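Novice: Below are the sequence and a predicted model for it; my questions follow.
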Amino acid sequence: MVFADLEEGLFIFGGFDVISVVVPALNEEGYITSCLESLTSQSYDDYELIVVDGGSSDRAVELAEKYADQVIVFRGPVGAARNIGVNRSRGEILAFVDADTVALKSLRARSAQARRGWEEAGEYDLTTFSR
C-alpha cells in the first residue's frame, strides 16, 4: 500500500477550490476501501470522488459505490480511464490517486492551498484546461 502526499507525486492541475479526485481501479478489492475512506475523511470538504473501474472481476465496484460520488465502469487503458474521470468531473482542481493508495488527511486542503500559493506567486507551472 502506498501513502500519498503532495510532495510525493500527486498530480494536481490548476483551477479553483472544488477538487475532483479521480481514482482508476481494476481488481482492487483488497485496497479500495482503505483508499476511499482516506479520501472521504479529508480535512477539506469541497470535493467529489470519481472511481473509474476497468471492469473488475472482484467486488471493487460494489465497495466503491459506498464511497464515491460516481462509479464508472470502463474497459480500457488506465490513461483513458483517467480522461473519462476528468470529463465527468465538476471540479477545477483535479487529483489522480491510485486505488492502492492511502492519502494523508490534509491532502485535499494542502492541494487547494498549493493552488492558491501558485496563483498568488504568479507561477503557473501547471497544465490548465477548459471544458
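Specialist: Arrived safely. Numbering: from 1, shown residues only.
Novice: make it CA atoms for all contacts and neighbour counts henceforth
Specialist: Will do.
Novice: This structure: strands as residue ranges?
Specialist: Ranges of strands within the chain are 2-4, 11-13, 19-25, 47-53, 70-73, 93-96, 101-103, based on DSSP state E.
Novice: Verify the stated contact: Val73 with Gly54.
Specialist: Yes: between Val73 and Gly54 there is a contact under C-alpha atoms under 8 Å: 5.9 Å.
Novice: If you average pLDDT over each of the strands of the chain, which is lowest?
Specialist: The weakest mean pLDDT among those belongs to strand 2-4, with a mean of 38.
Novice: Mind listing what's buried along stretch 36-43?
Specialist: By neighbour count with 16 or more other C-alpha atoms under 10 Å, stretch 36-43 contains the buried residues 36-40, 42.
Novice: what residue ranges in this protein score low on pLDDT?
Specialist: 1-17, 105-131 (pLDDT under 70).
Novice: where exactly do the helices run in it?
Specialist: Shown for the chain, the helices assigned by DSSP state H span residues 32-40, 60-64, 78-87, 107-121.
Novice: Between which two of the buried residues of stretch 36-43 is the distance greatest?
Specialist: Between any two of the buried residues of stretch 36-43, the greatest separation by C-alpha to C-alpha is 10.3 Å, found for Leu36 and Gln42.
Novice: Check the strands of the chain for me and report the most buried one.
Specialist: The highest mean neighbour count among those, using mean count of other C-alpha atoms under 10 Å, belongs to strand 19-25: a mean of 26.
Novice: neighbouring strands for that one, and are they parallel or not?
Specialist: Applying DSSP bridges, strand 19-25 is found paired with strand 47-53 (parallel), strand 93-96 (parallel).
Novice: Return the alpha-carbon coordinates of the last one using PDB.
Specialist: Output of strand 93-96 as PDB, limited to C-alpha atoms (Å, rounded to 0.1, in the frame of the first residue of the first chain):
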ATOM      1  CA  ILE A  93      -8.600  21.200  -9.400                       C
ATOM      2  CA  LEU A  94      -8.000  17.600 -10.500                       C
ATOM      3  CA  ALA A  95      -6.200  15.000  -8.400                       C
ATOM      4  CA  PHE A  96      -5.400  11.500  -9.500                       C
END
